[in-house]
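The following block contains a protein sequence and its predicted model.
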Amino acid sequence: MHKDEDDDRFEAAARLAEADPARGAEALRSIVADREIDPDTRFEAAARLAEADPARGAEALRSIVADREIDPDTRFEAAARLAEADPARGAEALRSIVADREIDPDTRFEAAARLAEADEPQAAEALRSIVADRAFGPDIRSEAAARLAEADPARMS
């Protein structure tokens, strides 16, 4: 498919979800599952599905996070959106982004920062791992240490 056709299909599914939530949710799910569709459009469909049907949307967002063929920034956005819809599953997804050494350090740090909104203890663990990991530059490691000190002052003293 072409990007314009993908966008048209998404727009039609989104409109259908407004008029007929059950049929719209199914149309959105089919977009998420179609690997021929542009990954950004698949993510948008998953995010819209999460609004219409939180359980199915959470599963769709998880599938985007887990798909290593999708751009890491889009995977991160899906994890962040999942954390809004389902904090426990979102925390797991954000943790997977932080731990993925194939993803650039900036995105991994952003995932750790977002993790603090969903699960502070897991965020503290992620931030500690960043502070200790030389794959991250000194600025990111310093920022991680500062955030860790704010979130968990007893462990930093």
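Perfect, thanks for sending it. Numbers count the residues shown, from 1 in each chain.

tell me the domain boundaries of this protein?
Under the assignment automatic domain parsing, the domains of the chain span 1-70, 74-157.

Would you format the ones you listed as JSON lines with mean neighbour count and mean pLDDT included?
In this view, the C-beta of every residue, glycine as well, is placed from N, C-alpha and C. Converted to JSON lines, the domains of the chain look like this (neighbours: other CB atoms under 10 Å; pLDDT from 0 to 100):
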{"stretch": "domain 1-70", "mean neighbour count": "18", "mean pLDDT": "93"}
{"stretch": "domain 74-157", "mean neighbour count": "18", "mean pLDDT": "91"}
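
Which strand or helix spans E59?
Under the criterion DSSP states H and E, the helix or strand holding E59 is helix 54-66.

List the contacts of that helix.
For helix 54-66, the external contacting residues (CB atoms under 8 Å, 6 or more residues apart in numbering) are 25, 28-29, 32-33, 39, 42-43, 45-51, 70, 74-75, 78-79, 81-82, 85-86, 89, 93, 96-97.

Just the CA coordinates for that helix, please, in PDB.
Extracted C-alpha coordinates of helix 54-66, given in PDB (Å, rounded to 0.1, in the frame of the first residue of the first chain):
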ATOM      1  CA  PRO A  54      -9.000   0.000  26.000                       C
ATOM      2  CA  ALA A  55      -8.400  -3.700  26.300                       C
ATOM      3  CA  ARG A  56      -7.900  -4.300  22.500                       C
ATOM      4  CA  GLY A  57      -6.000  -1.000  22.200                       C
ATOM      5  CA  ALA A  58      -3.600  -2.100  24.900                       C
ATOM      6  CA  GLU A  59      -2.900  -5.300  23.100                       C
ATOM      7  CA  ALA A  60      -2.500  -3.400  19.800                       C
ATOM      8  CA  LEU A  61       0.000  -1.000  21.400                       C
ATOM      9  CA  ARG A  62       1.900  -3.900  22.900                       C
ATOM     10  CA  SER A  63       2.200  -5.400  19.500                       C
ATOM     11  CA  ILE A  64       3.700  -2.100  18.200                       C
ATOM     12  CA  VAL A  65       6.200  -2.000  21.100                       C
ATOM     13  CA  ALA A  66       7.300  -5.600  20.400                       C
END
